[in-house]
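1. Output the structure for:
(chains A and B)
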Amino acid sequence: GDSVTQMQGQVTLSEDDFLFINCTYSTTWYPTLFWYVQYPGEGPQLLLKVTTANNKGISRGFEATYDKGTTSFHLQKASVQESDSAVYYCVLGANSGTYQRFGTGTKLQVVP
Amino acid sequence: EAGVTQSPRYAVLQEGQAVSFWCDPISGHDTLYWYQQPRDQGPQLLVYFRDEAVIDNSQLPSDRFSAVRPKGTNSTLKIQSAKQGDTATYLCASSFLGQSNTEVFFGKGTRLTVV
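-> All right, here's what the predicted structure looks like:
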């Protein structure tokens, strides 16, 4: 069945470090892909999305590129700040009769 | 615009007790989702509706969990006889049309602890 995989459970960085979070997906179609971010005590919220039409999404300094060849959708940011500390989810968009599927999440901790 | 509203925010139960969670989605959103999020895990779908119809409840533990959305607006998720393994945050979310490129909007969740 359709699935999305995040291998990194936790990432600890210092401020101004480069962030890279790995995400791969498995489907028989070309989905819309999302990154959601979840802060403590809140529900997940959309960070960015990428469709098959545009291949790249940018928001709040974060960037993700849709690579159909490697079925990957990695999230990156050039310089993280302490306020970026949160859990980041790679999400597979819905198809006809399906629903959005969340990855297991990557907890980012940015230390000053 | 008001977001997705859930109540209560917290609930603490003993095993065997019942509890209901209530959700008010964003006005005009026809698709409503209930997710279960155990601590330090990603959200896992329990059930979702389009209008008042259940589209997928295959992940809902049907012997103890039930969900309704009678008028296609608000929804209630009920646990009849809670178990310690039900300890989790229950998230309600909504979207318009549920299409593949549609953002899903989440409430703050109800954190349930079963002791």
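2. Please enumerate the strands of chain B.
-> Under the criterion DSSP state E, chain B contains strands at B:5-7, B:10-13, B:19-24, B:31-37, B:44-50, B:53-56, B:65-68, B:75-79, B:88-95, B:105-106, B:110-114.
3. To A:Ser79, which of those strands lies closest?
-> For A:Ser79, the closest of the strands of chain B is strand B:105-106, at 27.7 Å, according to C-beta to C-beta. In short, each C-beta sits where N, CA and C put it, glycine included.
4. right, is the closest one up against chain A?
-> Yes - using C-beta under 8 Å from any C-beta of the partner chain, strand B:105-106 comes into contact with chain A via B:Phe105, B:Phe106.
5. Which strands border that strand, and is each parallel or antiparallel?
-> With DSSP bridges as the test, strand B:105-106 is paired with strand B:88-95 (antiparallel).
6. Chain B contacts on chain A?
-> Residues of chain A lying close to chain B (C-beta under 8 Å from any C-beta) are A:31-32, A:34, A:41-46, A:49, A:51, A:89, A:93-95, A:97, A:99-105, A:107.
7. in chain B, what residue is nearest chain A?
-> Of all residues in chain B, B:Phe106 sits closest to chain A, at 2.9 Å by C-beta to the nearest C-beta.
8. residues contacting the closest residue to that residue other than its chain neighbours?
-> What sits nearest to B:Phe106 in space, not counting adjacent residues and going by C-beta to C-beta, 6 or more residues apart in numbering or on different chains, is A:Gly43, at 2.9 Å. Applying C-beta atoms under 8 Å, 6 or more residues apart in numbering or on different chains, we find A:Gly43 in contact with B:Val4, B:Leu91, B:Ala93, B:Phe106, B:Gly107, B:Lys108, B:Gly109.
9. Contacts only, for the last one.
-> Read that as B:Gly109. A:Glu42, A:Gly43, B:Gln6, B:Arg9, B:Gln37, B:Thr89, B:Tyr90, B:Leu91, B:Cys92.
10. Okay, and the beta partners of B:Thr89?
-> Bridge pairing for B:Thr89 - DSSP bridges - gives B:Gln37, B:Arg111.
11. Please report how far whichever residue of chain A sits closest to chain B lies from A:Phe102.
-> Of all residues in chain A, A:Gly43 sits closest to chain B, at 2.9 Å by C-beta to the nearest C-beta. Look at A:Gly43 and A:Phe102: by C-beta to C-beta, to the nearest Å, they are 12 Å apart.
12. just B:Gln59 next, same as before
-> From B:Gln59 across to A:Phe102, the span is 13 Å (C-beta to C-beta).
13. likewise B:Arg50?
-> For B:Arg50 relative to A:Phe102 (C-beta to C-beta), the value is 20 Å.
14. hey, what's in contact with both of B:Gln59 and A:Phe102?
-> Joint contacts of B:Gln59 and A:Phe102 (C-beta under 8 Å, 6+ apart) are B:Gln44.
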